[in-house]
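In: here's my sequence, what's the structure:
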Amino acid sequence: MPSSNPDVNEAFAAYKASMDSTRPEQESVLIKALQNYARKIVWLTLRETRPEIVNEAVHYVLGHLDDFRGNSKFSTWVFAIVRRFCYGDLQRRTRRKETLFSEFKDYEIDGLATYELDGDAKMTLDRLRRTLTNDENRLIEFKLQGFTHAEIAQELSATTATIDGRWRRLCEKLRQTQTSNKSTPRNNANL
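Out: Predicted coordinates:
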């Protein structure tokens with residue numbers, strides 16, 4: 001009697017051995033086993049749950065079952081594919097952070113994307129954030145996490161054009177805050 005949660009290798013073997021009449025049932029068992037296995041790999045690789053990566057990887061594996069040559073265990077082949085999807089996601093997020101970092105570099109806030117701010121930059125950001133609305137602060141947090149304007153718009157139930165406008169206004173506020181910081185003399189300890 002097959003177990004309720006078969007190993008991905010067992011599920012694949014049963015799927016390959018199944019006749020046409022039982023193939024849909026075996027396919028659903030294989031999909032469930034692949035999803036469970038991919039979920040574990042994504043968690044181990046990224047230390048977070050990412051159902052969209054699991055779904056993309058499982059869809060890819062199912063579409064390329066004929067490419068499996070049998071040189072290794074099926075689970076090893078699936079592992080390599082899922083890890084490739086995880087690494088691709090990490091690369092995309094890194095590129096987004098680099099883009100964000102370059103936007104803020106224009107305003108001389110070094111290290112904002114990684115929260116490694118020097119004293120002046122941290123003071124500028126803290127001063128700015130106290131004057132912002134909750135939505136504006138959320139926008140900054142989303143940008144720091146690498147979200148695109150389209151993704152932020154979806155999260156905040158707004159249009160991409162609205163997010164673009166809010167971002168431009170935030171950057172202008174940041175520029176003004178920095179300008180006022182440079183023109184304001186610092187308090188001397190002996191005053």
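In: not counting sequence-adjacent ones, nearest residue to residue 160?
Out: Closest residue to residue 160 apart from its sequence neighbours, by CB to CB, 6 or more residues apart in numbering: residue 153 at 4.6 Å. Glycine gets a C-beta too; all of them are placed from N, C-alpha and C.
In: after the helix or strand containing that neighbour, next one along is what?
Out: Using DSSP states H and E, residue 153 sits in helix 149-156. Counting by DSSP H and E, the next helix or strand C-terminal to helix 149-156 is helix 160-183.
In: count of residues packed around residue 91?
Out: A total of 10 residues lie near residue 91 under the criterion other CB atoms under 10 Å.
In: what do you get for residue 32?
Out: Residues near residue 32, counting by other CB under 10 Å, number 16.
In: and it, how far from residue 5?
Out: For residue 32, the distance to residue 5 equals 8 Å [CB to CB, to the nearest Å].
In: how near is the most centrally placed residue in the chain to residue 147?
Out: Centroid check for the chain by CA atoms, centre = their mean gives residue 93 as the closest residue, at 5.7 Å. Per CB to CB, residue 93 is found 9 Å from residue 147.
In: and for residue 45?
Out: Taken as CB to CB, the span from residue 45 to residue 147 is 20 Å.
In: please apply the same query to residue 8.
Out: 32 Å.
In: these two: which is more packed in?
Out: Neighbours were counted for residue 8 and for residue 147 using other CB under 10 Å; residue 8 has more, 23 against 19.
In: wait, the more buried one sits on residue 77?
Out: No. Using CB atoms under 8 Å, residue 8 makes no contact with residue 77, being 9.8 Å away.
In: which stretches of the chain aren't confidently modelled?
Out: Along the chain, the parts satisfying pLDDT under 70 run over 1-4, 95-128, 177-191.
In: could you pull out the helices in it for me?
Out: Counting by DSSP state H, one finds helices in the chain at the ranges 8-17, 23-46, 51-63, 74-105, 119-131, 134-144, 149-156, 160-183.
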